[in-house]
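Enquirer: test case, fold it:
(one chain, ligands or ions: 2)
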Amino acid sequence: MSLLLKDRIYTMQAPTAKRGVYPMHGYKLGLYRLPIKLEDPSEIKSIIEGMKKTFDMDQYADRIYATYNWIEENMPDPDADGYESVELSVTVEIVTGEVIDAIYQIYPVEKFAAPQWVKDYRRKADHFAKMIIDTILRNTILSDKLVEHFMKTDKLSEVQAAGKVSELTPLAQIVLDAKPIAKIEPPKPLVEGKKQVVTRDGEAAVPGPIDIEFKDKMDQSAAFKTKTGNEVQTWGRVGTDNKVMGVWGEFCAVDFDICIGDGACIDACPVAVYEFFDFPGNAGSTKKPLQINEPDCIFCLACEGVCPPQAIKIYPQ
Ligand code: SF4
Ligand code: SF4
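Expert: Ligands and ions are numbered 1, 2, ... in the order given. Coordinates of the predicted model:
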């Protein structure tokens, strides 16, 4: 049983109504109320997209529907005499808004015209509904929102808050890539007067080595804030589709249009300056070594030495 049940769920017998849910023929209604806001259409869409390989996903107005189907069999061998099977399902409705309500009904099994031999339908439907909720909470952006919530309200560190989310969602299945890919902000030139030298059309990787005079030749573009709170300076970024990325990093400079994303610099760096970050759309590679810990660089030059296309230039401080 999900631990969320303990402190956040009301389990009610029908008939009841909550924010427009009318369980006309429902046997039982489960309701989770979560103190997190979900209103941005792109966030709602990301949950539907992220979960559509795991559950049947649907949307109507401000609601998301996630359905899990399972099959009951009266015997294990489908070729045996008298074999029968029936498909059952349970749907969780997520009502978005200032808070999130995750609601499910367990219908009488007769709704599925299920035969007499089907056992434990209600218990399984209840379990699968909680599994849907736990899986969505653990894998989508709702997980980040919950972590943020616990950091604020319970004064926990990010790691402790993430641990609490895991503890509260024990039935979660792990779904890879269910969070939206971070979008890069459009560049805003900061320095006027320099000619932006970008002879790159974004259709192919640019050959190395990095032009070590890039700061004189390119416009500085908008800095990128990393999850570690550092700002990575950039030069020569163009557009919003990542096809021309320019040079990133002030003293651990990497020309992201030359980089082929093999990760050699990440492996070589003794102080974990770099971490792979997704940049979809780039012709050279869709993962780049983002300098999340650039201030930690000890200028050992190891990364510069191992980079196959010579995309890196270190400027010792
Ligand atoms: S110079 Fe050394 S410490 Fe700095 S980023 Fe490269 S490998 Fe890491
Ligand atoms: S070693 Fe060079 S090509 Fe490989 S990921 Fe690092 S910067 Fe990119």
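Enquirer: residues of stretch 117-132 that come out buried?
Expert: For stretch 117-132, the neighbour count (16 or more other C-beta atoms under 10 Å) marks Val118, Tyr121, Lys124, Ala125, Asp126, Phe128, Ala129, Lys130, Met131, Ile132 as buried. The way it works is simple: take the backbone N, C-alpha and C, and place the C-beta from them, glycine included.
Enquirer: report the rounded mean pLDDT for that stretch.
Expert: Averaged over stretch 117-132, pLDDT sits at 91.
Enquirer: what does stretch 46-63 give?
Expert: 92.
Enquirer: which of the residues in it are buried?
Expert: Neighbour-count burial for stretch 46-63 [16+ other C-beta under 10 Å]: Ser46, Ile47, Ile48, Gly50, Met51, Thr54, Phe55, Met57, Arg63.
Enquirer: can I get the buried residues of stretch 117-132 in CSV including secondary structure and distance to ligand 1?
Expert: Formatted as CSV, the buried residues of stretch 117-132 follow (DSSP: H, G, I helix; E, B strand; the rest coil; distance: C-beta to the nearest ligand atom, whole Å):
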residue, secondary structure, distance to ligand 1
Val118, coil, 60
Tyr121, helix, 58
Lys124, helix, 52
Ala125, helix, 53
Asp126, helix, 52
Phe128, helix, 47
Ala129, helix, 48
Lys130, helix, 45
Met131, helix, 43
Ile132, helix, 43
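Enquirer: in a markdown table: those, plus distance to Glu93.
Expert: Supplementary listing: those in a markdown table, determined by distance: C-beta to C-beta, whole Å:
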| residue | distance to Glu93 |
| --- | --- |
| Val118 | 24 |
| Tyr121 | 20 |
| Lys124 | 19 |
| Ala125 | 14 |
| Asp126 | 15 |
| Phe128 | 14 |
| Ala129 | 10 |
| Lys130 | 14 |
| Met131 | 15 |
| Ile132 | 10 |
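Enquirer: the helix or strand hosting Asp267 near ligand 1 anywhere?
Expert: Element membership for Asp267 (DSSP states H and E) is helix 264-268. Yes - remark: helix 264-268 sits within contact range of ligand 1 at Ala268, by C-beta under 6 Å from any ligand atom.
Enquirer: is any part of the helix or strand just after that helix close to ligand 1?
Expert: Reading on from helix 264-268 to the C-terminus, the next helix or strand found by DSSP H and E is strand 275-278. No - Strand 275-278 does not reach ligand 1 (C-beta under 6 Å from any ligand atom); its nearest approach is 11.5 Å.
Enquirer: just the strands in the stretch 151-300 of the chain please.
Expert: Using DSSP state E, counting those that start in this stretch, the strands of the stretch 151-300 of the chain run over residues 220-225, 231-235, 247-248, 252-255, 275-278, 287-290.
Enquirer: output the ones you listed as JSON lines; include the columns mean pLDDT and distance to Ser166.
Expert: Formatted as JSON lines, the strands of the stretch 151-300 of the chain follow (pLDDT from 0 to 100; distance: least, C-beta to C-beta, whole Å):
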{"stretch": "strand 220-225", "mean pLDDT": "83", "distance to Ser166": "27"}
{"stretch": "strand 231-235", "mean pLDDT": "91", "distance to Ser166": "30"}
{"stretch": "strand 247-248", "mean pLDDT": "94", "distance to Ser166": "33"}
{"stretch": "strand 252-255", "mean pLDDT": "96", "distance to Ser166": "33"}
{"stretch": "strand 275-278", "mean pLDDT": "90", "distance to Ser166": "22"}
{"stretch": "strand 287-290", "mean pLDDT": "93", "distance to Ser166": "26"}
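Enquirer: any chance of these in CSV, with distance to Ala311 and mean neighbour count too?
Expert: Below are the strands of the stretch 151-300 of the chain laid out as CSV (distance: least, C-beta to C-beta, whole Å; neighbours: other C-beta atoms under 10 Å):
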stretch, distance to Ala311, mean neighbour count
strand 220-225, 17, 18
strand 231-235, 14, 20
strand 247-248, 9, 27
strand 252-255, 5, 26
strand 275-278, 14, 17
strand 287-290, 9, 24
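Enquirer: including distance to ligand 2, could these go into a markdown table?
Expert: Formatted as a markdown table, those follow (distance: least, C-beta to the nearest ligand atom, whole Å):
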| stretch | distance to ligand 2 |
| --- | --- |
| strand 220-225 | 16 |
| strand 231-235 | 13 |
| strand 247-248 | 10 |
| strand 252-255 | 5 |
| strand 275-278 | 8 |
| strand 287-290 | 5 |
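Enquirer: can you list phi and psi of the closest residue to ligand 1 within the stretch 1-150 of the chain for me?
Expert: As assessed by C-beta to the nearest ligand atom, ligand 1 sits closest to Asp144 within the stretch 1-150 of the chain, at 27.8 Å. Per-residue torsions, Asp144: phi -60, psi -40 (degrees, to the nearest 10).
Enquirer: and it, how close does it get to Cys303?
Expert: 30 Å (C-beta to C-beta, to the nearest Å).
Enquirer: so for these two, which sits in the more crowded spot?
Expert: Cys303 (25 against 16; other C-beta atoms under 10 Å).
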